[in-house]
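> the sequence and its predicted three-dimensional model are supplied below.
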Amino acid sequence: MSLFNVMNIATTGMSAESVRLNTTASNIANANSVSSSIDETYRARKPVFAAEMQRAIDDQTAGTGVKVLGIVESDRPLQMEYNPGHPMADKDGYIYKPNVNVVEEMADMMSASKAYETNVQVADTTKRIFRRVLQLGQGQ
């Protein structure tokens, strides 16, 4: 595996983790939102990743990057609360809250942050190796 492949894997990993961090931040930001209908209620979102295996097979390389296939909404049930005095209550007195679990989202955010940090370290180490190889080529 060449150093260029290592750098590609690290940069695509950073990009994917950035999407994951942004999605998690959006979920946390909307965790306490309220709606008067099921259709308008915010639903937790999760990114879907895939290794770029086919490209690796076609290029006959050992390493693969990460590709963000999309972002999907959670199918967990929404929280329904009887609160007839709330200004957003529907005709039956119910309000609807997102299906966001803040504890899970915080754990996901910490995991994504660590994964991003690890990819940064891999890219930095690769850059130092590139620099050292160039110095060796100059006879230093």
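Nice, I can see it.
> residues near Thr126, how many?
The local packing of Thr126 (other Cβ atoms under 10 Å) involves 19 other residues. In short, each C-beta sits where N, CA and C put it, glycine included.
> could you do Leu134 as well?
10.
> I'd like the distance between it and Thr41.
As defined by Cβ to Cβ, to the nearest Å, Leu134 lies at a distance of 55 Å from Thr41.
> give me the mean pLDDT for stretch 52-64.
Confidence for stretch 52-64, expressed as mean pLDDT, is 64.
> tell me the confidence at Pro47?
Per-residue pLDDT puts Pro47 at 96.
> and it, that's in a helix?
No. Pro47: not assigned to a helix; according to DSSP: H, G, I helix; E, B strand; the rest coil it is strand.
> that one: neighbouring residues, count only.
Taking other Cβ under 10 Å as the neighbour definition, Pro47 ends up with a count of 19.
> repeat for the one 3 residues further on
Other residues within reach of Ala50 by the criterion other Cβ under 10 Å amount to 14.
> can you pull the contacts of Ala25?
Under the criterion of Cβ atoms under 8 Å, 6 or more residues apart in numbering, the neighbours of Ala25 are Met109.
> for Val102, see how far away it is.
When distance is defined by Cβ to Cβ, Ala25 is 12 Å away from Val102.
> wait, Gly43 touches Lys97, no?
Just to correct that, residue 43 is Arg rather than Gly. No. Between Arg43 and Lys97 no contact is recorded; they are 10.9 Å apart, counting by Cβ atoms under 8 Å.
> overlap in contacts of those two?
The contact sets of Arg43 and Lys97 overlap at Leu78 (Cβ under 8 Å, 6+ apart).
> settle this for me: Arg45 is touching Ile28, isn't it.
No. Arg45 lies out of contact with Ile28 (Cβ under 8 Å); the separation is 11.3 Å.
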